[in-house]
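1. I need the structure of the sequence given here:
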Amino acid sequence: MTTDNIENKIFAGENNISVEQVEEAVISALLLDAGAIVGTFPVLKPEMFSDPLLSFIYTAIRTLNDRGEKADLVTTDIEMRCLNEKRWKEMNGIAAIHTLMMQIRHTGNLKQYVEEVKRQYMLRLLATLFTTLQTKAHSFDSSYMALIEEAESSLLELREDGIAGRQITRIGKTANDVLEMHRERLASGIDTMRILTGIEEFDYVTGGLYRGELTVGAGRPGDGKTAVAMQIAMNAALAGKHVCFFSLEMTALQTMNRLFAGYGGVDANHLRIDGANPADLAKMGKMADEFQNLPLYFDHTSANSVENIRAQVMLQKRKKQCDLAVVDYLHLMKMENHGKDTLDQMIGRNIQGLKQLALDADIPILVLSQMNRNSVNRADRAHIPDLHDLRDSGVIEQVADCVYFVYIPEHNGITTDEITGESLHLVGKLYIRKTRNGSTGIARYRYNESYTRITNYTHRRS
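-> This is a model prediction of the structure:
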């Protein structure tokens, strides 16, 4: 039976489909799409499966996810053997559902399968509870008040089990937890809540990049959104933070040439066209030595996916080597089409996946985004960016905790500051249009001719 048939029967309300078939569909979907576990594990627990073998497979998938590794047929099979080799042998490994895997075409209906497994589990618990109460009620010496109290208590526990995610918490406990965090921050002098970008005016307005939050940096082509993000990554790494930089556009060679130009004093155009001369090589060698122990990790994978980025981040986090993740950029990420999905929906799923990753890994994530092409066609000569200029998806604006736009005044014919009269030559601005827990505003910075180095804004020199 294909998952499409299962879906049709579930939605049609037919009763001739077994819960085991739905559970098989869940496991098969998770093995087909490693990223699907993100929305599944907050809802499903291993004990919710009626089939012990499928519960065992699901446990292996969750264990792999907790370690930041991708679950597929091979990795899951190995993990099951590591968890319980005797049980693995009894079920002949993952081969038990291999045939079903061949029938899976997409995972777009996984949410419905998950809810059905959970519903059946809750009904089984209720049936067991009522049977137990009925048996006790038939006992001659039973107290009806005691049974009512037991029923109320048990039903409350079941209701709590039915809530996905974290349980609601009394505000007093939350207050004490946050208070303790601030006490540790004061006592140690170490701010563990956020990471400073090193761009002083941006940090002044926003406070920096906060754990569990998703920041979106947008910009038009050629305005240097990658340069700003790379500078933030470098500043954080130089401050001792572990930074994972995922580039879907620039290769490691292109990235290092930019860094050699920005930090090594090498001419970028000369390096790209003519190659390095002996003097350049000496500068680059010195810089390479200085960067040997820099905690900046670079990954170039074209059309990278949310699930692969998640696996890398969670693995690095487990090794205590990821305090900040940067993704360059959103519109180059792999997009899963679950049938008739629009571009907005596919991009929305990716941005939601990155936000969930920020929460699960408890780190800040900075993701870059393109802007709408019509943003340069407005009557406004200055083309000052705003939130509606984000390309393709309103979900970006909704999900992001902070949104800033990279803006180059000179590219828009603006050469002097309208308030101070200072020259805006080689001056960039970050228009901070959304900060969920802070202020909005404008942050200025300076850049060099090749746009390979970003520095803090200082007033015009005399």
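2. for the chain, what spans make up the strands?
-> Ranges of strands within the chain are 194-195, 209-210, 214-219, 243-247, 296-300, 324-328, 365-369, 402-407, 427-435, 441-447, 454-456, based on DSSP state E.
3. Quick check, pLDDT for the closest residue in space to residue 115 that isn't next to it in sequence.
-> Excluding the flanking residues, the one nearest residue 115 by C-beta to C-beta, 6 or more residues apart in numbering is residue 43, at 7.5 Å. C-beta here means a position set from N, CA and C on the backbone, and glycine is covered the same way. Here the pLDDT value assigned to residue 43 is 81.
4. isn't residue 43 right next to residue 121, touching?
-> No: with contact defined as C-beta atoms under 8 Å, residue 43 does not count as touching residue 121 (10.7 Å).
5. Have a look at this protein and report its longest helix.
-> Criterion DSSP state H: the longest helix present in the chain is helix 110-137.
6. buried stuff in that helix?
-> In terms of neighbour count (16 or more other C-beta atoms under 10 Å), helix 110-137 has its buried residues at 110, 112-114, 116-118, 120-121, 125, 129, 133.
7. got TSV for those, with pLDDT and distance to residue 245 too?
-> Formatted as TSV, those follow (pLDDT from 0 to 100; distance: C-beta to C-beta, whole Å):
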residue	pLDDT	distance to residue 245
110	80	31
112	83	37
113	85	36
114	86	33
116	88	40
117	88	38
118	87	38
120	89	44
121	88	42
125	87	46
129	88	52
133	88	58
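8. Could you measure from residue 304 over to residue 22?
-> 32 Å (C-beta to C-beta, to the nearest Å).
9. Residue 255 too?
-> Per C-beta to C-beta, residue 255 is found 46 Å from residue 22.
10. neighbours of residue 157, just the number please.
-> For residue 157, the count of nearby residues is 12 (other C-beta atoms under 10 Å).
11. again, but for residue 350
-> 24.
12. didn't it look like it was pressed against residue 331?
-> No: using C-beta under 8 Å, residue 350 is not in contact with residue 331, being 9.2 Å away.
13. average pLDDT across stretch 50-65?
-> Here the average pLDDT along stretch 50-65 is 88.
14. on that earlier part again, just want to know which of residue 304 and residue 22 has more residues nearby.
-> Set residue 304 next to residue 22 and count neighbours by other C-beta under 10 Å: residue 22 wins out with 24 against 18.
15. Find the residue closest to that one in space, skipping its chain neighbours.
-> Here the residue nearest residue 22, using C-beta to C-beta, 6+ apart, is residue 116, at 4.9 Å.
16. Point out where the stretch 51-200 of the chain drops to low pLDDT.
-> 96-108, 160-169 (pLDDT under 70).
17. Quick check: which ranges of the stretch 201-350 of the chain have low pLDDT?
-> Judged by pLDDT under 70, the stretches of the stretch 201-350 of the chain that qualify are 338-339.
18. what about residue 74, how many neighbours?
-> 10.
19. any idea how far it lies from residue 127?
-> Taking C-beta to C-beta, one finds residue 74 at 38 Å from residue 127.
20. likewise residue 371?
-> On the measure of C-beta to C-beta, residue 371 and residue 127 end up 56 Å apart.
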